[in-house]
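1. Please find the sequence and the predicted model below.
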Amino acid sequence: MDIPKQYNPKEVEGRILDSWMKKGLLHSDPSRGGKPYCIAIPPPNVTGILHMGHALNNTIQDILIRWKRMSGFNTLWVYGTDHAGIATQNAVEKNLAKKGVSRKDLGREKFIRKVWEWREKHGNTIKEQLQKLGCSCDWERERFTMDEGLSKAVQEVFLRLYGKGYIYRGNYIVNWCPRCQTALSEEEVSRTEQEGKLYYIKYPIKDSEDFVIVATTRPETMLGDVAVALNPKDKRLKQLGEKVVVLPVLGRELKVIADEFVDPQFGTGIVKVTPAHDPNDFLMGQRHSLPPVNVMNEDGVMNENAGPYEGLDRFLCRTKLLEDLDEQELLEKVERHTYALGRCYRCDTIVEPRLSLQWFVRMKPLAEPALKTVLEGKIKFHPKRWTKVYVNWMENIRDWCISRQIWWGHRLPIWYCRDCQEAIASLERPESCPKCSGTDMRQDEDVLDTWFSSWLWPLSTLGWPSDSDDLRFYYPTDALVTAQEIIFFWVAKMIMAGLEFVGDIPFRDVYIHGTVRDDSGTKMSKSLGNIIDPLEVIEEFGADALRFSIIAITAQGQDVFLSKEKFEIGRNFANKIWNASRFVLLNLEGCSRNAEFDTDSLSSDDIYILSKLNDTIGEVAAALRKFRFNDAASAIYDFFWHHYCDRYIEYAKARLFGESQEQKSRTQNVLYFVLSNSLKLLHPFMPFITEAIWELLPRDDELPLMISPWPKRLKLPFDKGVAENVVKKYELIRAGRNLRTEYNIPAGKKVRFTIKPSGEKENHFLIQERDNIAEMLRASEVAVEMERPSAKSAPSAITALGAIHLSLKAEIDVEAEALRWRKQHQKVNGELDRVKRKLENRDFLEKAPPEVVQKEKDRLSALTARAEKIRKNLSFLE
Ligand SMILES: [Zn+2]
Ligand SMILES: [Zn+2]
């Protein structure tokens with residue numbers, strides 16, 4: 001057999017991926033029957049590029065899918081991409097801007113054609129990258145949120161909700177991005193606490209020398225003030241209630257109103273009321289019938305209502321206005337003030353609350369069943385703590401603004417009669433207006449929020465609203481794996497959609513993973529320059545190494561701290577797997593591959609490794625069932641590396657090359673059995689290398705590893721005690737090796753050990769294992785002596801099986817060794833004196849910081865122990 005000595009992931013991964021594709025192993029078919037297991041991928045943006053967050057997210061999904069596939073489920077991992085309205089439009093606009101063209105220059109139709117062209121060019125990038133990562137999605141079912149079927153689902157849903165009265169149009173304050181010039185939902189705004197300023201401004205009272213003082217963080221909006229307000233309990237109200245206040249600069253006369261909403265503790269307790277520019281003021285304006293005054297255009301530039309500031313950008317206006325107020329001595333003071341500043345999640349521009357006419361979905365009736373279903377435990381969050389976050393959000397849900405003032409997306413199926421302005425919901429242009437019979441219709445210019453298509457993802461990708469085989473077989477899906485940022489954007493809305501449109505949950509388990517950070521804990525981002533490119537990692541370390549490392553180092557739901565070095569964990573492990581497998585494969589000639597083990601003929605080490613394998617099979621499955629991926633990874637890592645490679649293969653060598661044919665074939669069998677089962681357990685984590693070794697493994701069937709059955713626990717009447725004794729044997733061997741090292745005994749030199757067993761049973765076991773222990777310790781002889789007097793004459797170590805003694809005198813140059821120890825003794829004693837003196841020094845004790853004193857004390861006890869040890873060793877030699 002010709003197996004390369006070095007593992008080469010680049011060669012292997014590409015070849016294995018091709019073979020899976022060619023054999024059609026990734027395609028799912030409901031007609032094959034069986035138990036379904038389905039995951040719908042969180043659709044990456046169509047023009048996205050794989051980042052570490054994707055790598056983590058998709059590795060987890062692939063582990064689940066591969067594990068379930070091997071466990072006999074009819075699995076489907078649905079792949080597709082999201083049209084990502086604002087993000088994609090921004091990307092195309094940026095590209096056009098390089099040529100000096102704006103989207104308005106092109107016009108709607110031509111611009112949309114450009115976006116489709118962009119998608120043609122860049123839309124496959126992320127798919128190919130996910131394939132490189134080893135993701136076993138059904139690539140033949142690729143969907144796109146703007147494809148025909150999914151668009152149909154979007155329209156169907158809009159019309160259904162409209163028909164139920166759940167969709168309405170209204171003037172509301174929305175989050176507005178002046179750069180993207182569109183409304184944003186609350187979830188599309190990232191809010192961070194920021195240090196800002198609070199400006200105290202004097203508003204003169206009409207026909208008086210007095211002022212009221214109001215505080216604001218956004219002074220430019222005062223130009224849209226329509227009143228000032230106090231809390232009804234405020235004693236100043238009596239005096240001010242009848243007065244009229246004059247808005248500085250513009251001279252508009254403002255009423256003084258009383259409203260419960262006013263917080264007497266904020267600023268001066270008197271607030272300005274600006275209905276067009278603040279959501280709370282908007283409601284206050286409605287309560288007091290105060291018509292809003294809008295002072296800003298869509299792009300954040302002040303309009304004609306801003307008087308002398310017309311044409312100025314909002315922040316320029318702020319500066320200019322503050323100068324003017326200061327000049328007129330109307331700026332009382334400026335205080336530091338911390339508040340949550342919202343930014344557009346796509347372009348980072350500061351969001352402006354803006355009054356505009358938008359379309360909304362009433363969320364209360366959708367949220368109620370979605371809340372109930374989670375409280376009843378029909379959908380489970382992992383880790384559990386997210387349930388609380390979900391419940392809290394659902395109990396305080398607000399209506400969903402679904403209209404966006406962009407071009408790229410699903411256009412609203414809403415038409416307006418030009419004659420009477422009636423709005424009509426319809427897929428096609430209505431023939432005539434139901435109200436006035438007019439025939440002049442125009443379609444709404446807006447498109448739907450991107451999430452209005454992605455909230456249907458588990459349904460629409462399986463064919464809904466058609467009653468498809470896929471939908472009947474694979475829905476509800478099983479697990480959803482996602483990041484915490486989109487619980488509300490997406491997870492909660494999918495639950496609502498599933499319950500509302502098909503009366504069933506979209507998935508049973510939601511696994512929320514952490515955020516990918518650099519090793520200093522900072523979130524990875526392009527602008528900070530601290531990203532690690534997963535494709536570079538695949539190039540340098542291999543996809544298996546990336547997958548294994550990122551899973552192994554991350555506890556359930558915790559953030560991931562990455563540096564390039566972390567991927568060495570996976571690479572080293574892949575090399576270990578390759579080298580060990582290569583050794584086994586090259587020594588299997590004549591192996592009967594009989595998995596029917598006769599327990600009586602097995603050696604203690606055979607029983608030990610088989611029973612460890614049994615434990616590991618149980619641990620891996622238990623951890624995967626609980627979504628504890630790192631526990632599963634470390635169980636198999638520990639088993640394969642420390643038990644199989646470090647111990648069993650070492651033990652096996654002497655049997656493979658020894659005299660006894662019976663021993664040889666028994667050992668081959670165990671080696672084979674454990675390797676083949678280990679490859680299965682490893683496959684979901686490291687699919688490429690395991691499949692490549694599987695191809696080389698002699699087998700009776702032709703099944704690729706990917707669809708081979710998942711290992712079951714063996715039902716052998718193992719004596720647990722034997723395996724435990726073997727673990728203790730290795731502990732004893734380690735103690736013996738430490739003694740060799742401590743006395744500088746060259747590796748090639750045979751020495752003599754004596755063991756005094758700790759009891760009768762141990763005596764029996766040690767006698768049985770004596771030869772193997774001698775072999776592992778490179779000993780000329782290992783004597784097991786129950787009656788050995790507890791000698792003080794030789795260096796020894798106590799272990800669970802008994803005390804192991806190294807016979808020294810005959811083996812080494814006693815004189816030279818003693819000299820070496822005496823020198824060390826001197827050195828340590830010198831150190832010890834210095835530390836002692838330091839600790840007796842009052843000055844030091846009083847002046848040094850406590851942690852420095854503690855450090856010296858620790859040193860003292862370490863040195864004392866070391867000196868004692870050396871003294872003991874010397875006594876053996878002298
Ligand atoms: Zn923006
Ligand atoms: Zn009409």
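-> Received the coordinates, thanks. Ligands and ions are numbered 1, 2, ... in the order given.
2. give me the low-pLDDT residue ranges for the stretch 701-850 of the chain?
-> By pLDDT under 70, the low-scoring segments of the stretch 701-850 of the chain are 788-793, 809-812.
3. Can you pull the residues of the stretch 401-550 of the chain lying near ligand 1?
-> Residues of the stretch 401-550 of the chain lying close to ligand 1 by Cβ under 5 Å from the ion: none are found. Every C-beta, even on glycine, is put in place using the N, C-alpha and C of the backbone.
4. Which stretches in the stretch 151-300 of the chain count as strands?
-> Per DSSP state E, counting those that start in this stretch, the stretch 151-300 of the chain carries strands over the ranges 167-177, 182-184, 189-204, 211-216, 227-230, 244-246, 253-258, 271-273.
5. Would you mind saying which of those lies nearest ligand 2?
-> Within these, the stretch nearest ligand 2 is strand 167-177; the backing value is 15.8 Å (Cβ to the ion).
6. Please export the alpha-carbon coordinates of the closest one; PDB is fine.
-> Provided in PDB are the C-alpha atoms of strand 167-177 (Å, rounded to 0.1, in the frame of the first residue of the first chain):
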ATOM      1  CA  ILE A 167     -50.900  45.400   7.500                       C
ATOM      2  CA  TYR A 168     -51.500  49.200   7.700                       C
ATOM      3  CA  ARG A 169     -50.100  52.400   6.500                       C
ATOM      4  CA  GLY A 170     -49.500  55.300   8.700                       C
ATOM      5  CA  ASN A 171     -47.500  58.400   9.600                       C
ATOM      6  CA  TYR A 172     -45.000  57.400  12.200                       C
ATOM      7  CA  ILE A 173     -41.600  58.200  13.500                       C
ATOM      8  CA  VAL A 174     -39.300  55.700  12.000                       C
ATOM      9  CA  ASN A 175     -35.600  55.200  12.300                       C
ATOM     10  CA  TRP A 176     -34.200  56.800   9.200                       C
ATOM     11  CA  CYS A 177     -30.800  56.500   7.600                       C
END
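7. Tell me the gap between it and the middle of its chain.
-> 33 Å (Cα atoms, centre = their mean, to the nearest Å).
8. buried ones in it?
-> Counting neighbours by 16 or more other Cβ atoms under 10 Å, one finds that the buried residues in strand 167-177 are Ile167, Tyr172, Ile173, Val174, Asn175, Trp176, Cys177.
9. Same question for stretch 745-764.
-> Ile745, Val751, Arg752, Phe753, Thr754, Ile755, Lys756, Pro757, Ser758, Glu762, Asn763.
10. That stretch spans what distance, first to last residue?
-> End-to-end distance of stretch 745-764 (Cα to Cα, to the nearest Å): 29 Å.
11. same check, this time on stretch 300-312
-> End-to-end distance for stretch 300-312, by Cα to Cα: 9 Å.
12. what mean pLDDT would you report for that stretch?
-> Stretch 300-312 shows a mean pLDDT of 95.
13. near ligand 2 too, which of the buried residues of strand 167-177?
-> Filtering those for neighbours of ligand 2 using Cβ under 5 Å from the ion leaves an empty set.
14. so can I have a markdown table of those showing pLDDT?
-> Formatted as a markdown table, those follow (pLDDT from 0 to 100):
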| residue | pLDDT |
| --- | --- |
| Ile167 | 96 |
| Tyr172 | 84 |
| Ile173 | 88 |
| Val174 | 87 |
| Asn175 | 91 |
| Trp176 | 92 |
| Cys177 | 93 |
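15. Take those residues and lay them out in TSV including distance to Lys838.
-> Formatted as TSV, these follow (distance: Cβ to Cβ, whole Å):
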residue	distance to Lys838
Ile167	79
Tyr172	73
Ile173	69
Val174	69
Asn175	64
Trp176	68
Cys177	64
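16. Ile755 should be in a strand, yeah?
-> Yes. Counting by DSSP: H, G, I helix; E, B strand; the rest coil, Ile755 is located in a strand.
17. That one touches His805, doesn't it?
-> Yes. Using Cβ atoms under 8 Å, Ile755 is in contact with His805, at 7.4 Å.
18. Flag every residue of this structure that's near ligand 2.
-> Selection of the chain residues close to ligand 2 by Cβ under 5 Å from the ion yields Cys417, Asp419, Cys420, Glu422, Cys433, Lys435, Cys436, Gly438.
19. buried sites along stretch 293-309?
-> Across stretch 293-309, burial judged by 16+ other Cβ under 10 Å covers Val293, Asn294, Val295, Met296, Asn297, Gly300, Val301, Met302, Asn305, Ala306, Tyr309.
20. and which of the residues you listed is nearest Asp519?
-> Closest approach to Asp519 among the buried residues of stretch 293-309 (Cβ to Cβ): Gly300, at 39.0 Å.
21. neighbours around the residue nearest to that closest one when sequence neighbours are not counted, how many?
-> In space, and not counting its chain neighbours, Gly300 is closest to Pro178: 3.2 Å by Cβ to Cβ, 6 or more residues apart in numbering. Counted with other Cβ atoms under 10 Å, residues neighbouring Pro178 total 21.
22. I'd like the distance from Pro178 to ligand 2, if you could.
-> 34 Å (Cβ to the ion, to the nearest Å).
23. Next, give phi and psi for that residue.
-> Main-chain dihedrals, Pro178, degrees, to the nearest 10: phi -70, psi -20.
24. Could you double-check that it lies in contact with Glu352?
-> Yes. Pro178 is in contact with Glu352 according to Cβ under 8 Å; the separation is 5.7 Å.
25. which ones are touching Lys720?
-> Contact analysis of Lys720 by Cβ atoms under 8 Å, 6 or more residues apart in numbering lists Ser611.
26. any idea how far ligand 2 is from it?
-> As judged by Cβ to the ion, Lys720 and ligand 2 stand 84 Å apart.
27. gap between that residue and Glu596?
-> 21 Å (Cβ to Cβ, to the nearest Å).
28. re the thing from before, can you lay out the buried residues of strand 167-177 as a markdown table showing distance to ligand 1?
-> Putting the buried residues of strand 167-177 into a markdown table (distance: Cβ to the ion, whole Å) gives the following:
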| residue | distance to ligand 1 |
| --- | --- |
| Ile167 | 25 |
| Tyr172 | 19 |
| Ile173 | 17 |
| Val174 | 13 |
| Asn175 | 10 |
| Trp176 | 9 |
| Cys177 | 3 |
